[in-house]
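Q: sequence and predicted structure are below.
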Amino acid sequence: MAIWTPDMRERLKTLAEMDMKYTEIAAVMTAEFKTRLTKNAVIGMAGRLGVPPRNIKYAPARYTPRVFTSRKKPVDGYALEDLASHHCRWPKGDGPPYSYCGQTIIPNGRPYCFTHATLAYPALRSSR
């Protein structure tokens with residue numbers, strides 16, 4: 001861990017004003033002051049000294065963003081976005097587009113109508 005002397009702090013400000021990379025600043029200061037400085041040590045001190053952040057140039061994206069098309073509406077039943085809080089959420093079908101039952105749920109805090117609640121919760125079958 002390097003102890004930052006006032007001379008080192010001034011040299012850091014000078015090198016930062018020259019728009020050098022932090023890695024280069026660390027190498028120059030290591031050679032000049034005969035103490036090992038890392039890029040992260042230089043970045044940390046630059047932040048504490050109020051040196052303005054670098055203008056970072058990012059490489060262009062290497063991927064093409066996916067374009068989402070509108071979903072197909074289910075043929076039988078309701079789409080998930082069409083359900084209200086009182087509709088049964090029992091899924092229908094084997095794959096996309098999924099549809100849901102949509103009947104009125106039973107008033108026990110579960111998300112299914114009576115028919116689907118008895119399938120999901122076997123204890124309800126015996127109690128009725």
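A: Yes, it's here. Predicted model, so just to flag it, every value in this text is computed and none were measured.

Q: for the chain, which residues score under the pLDDT cut-off?
A: 1-2, 56, 58, 61, 65-75, 124-128 (pLDDT under 70).

Q: domains for it, by residue range?
A: Residue ranges for the domains of the chain, per automatic domain parsing: 6-49, 80-127.

Q: so can I have JSON lines of the ones you listed showing mean neighbour count and distance to residue 59?
A: Using the backbone N, CA and C atoms, a C-beta is placed for each residue, glycine as well. Shown next, in JSON lines, are the domains of the chain (neighbours: other CB atoms under 10 Å; distance: least, CB to CB, whole Å):
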{"stretch": "domain 6-49", "mean neighbour count": "15", "distance to residue 59": "16"}
{"stretch": "domain 80-127", "mean neighbour count": "14", "distance to residue 59": "35"}
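
Q: now these in TSV, with distance to residue 60?
A: Shown next, in TSV, are the domains of the chain (distance: least, CB to CB, whole Å):
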stretch	distance to residue 60
domain 6-49	20
domain 80-127	33
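
Q: all strands of this structure, in order?
A: For the chain, the strands defined by DSSP state E occupy 91-92, 99-100.

Q: turn those strands into CSV, columns for distance to residue 7.
A: Shown next, in CSV, are those (distance: least, CB to CB, whole Å):
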stretch, distance to residue 7
strand 91-92, 71
strand 99-100, 71
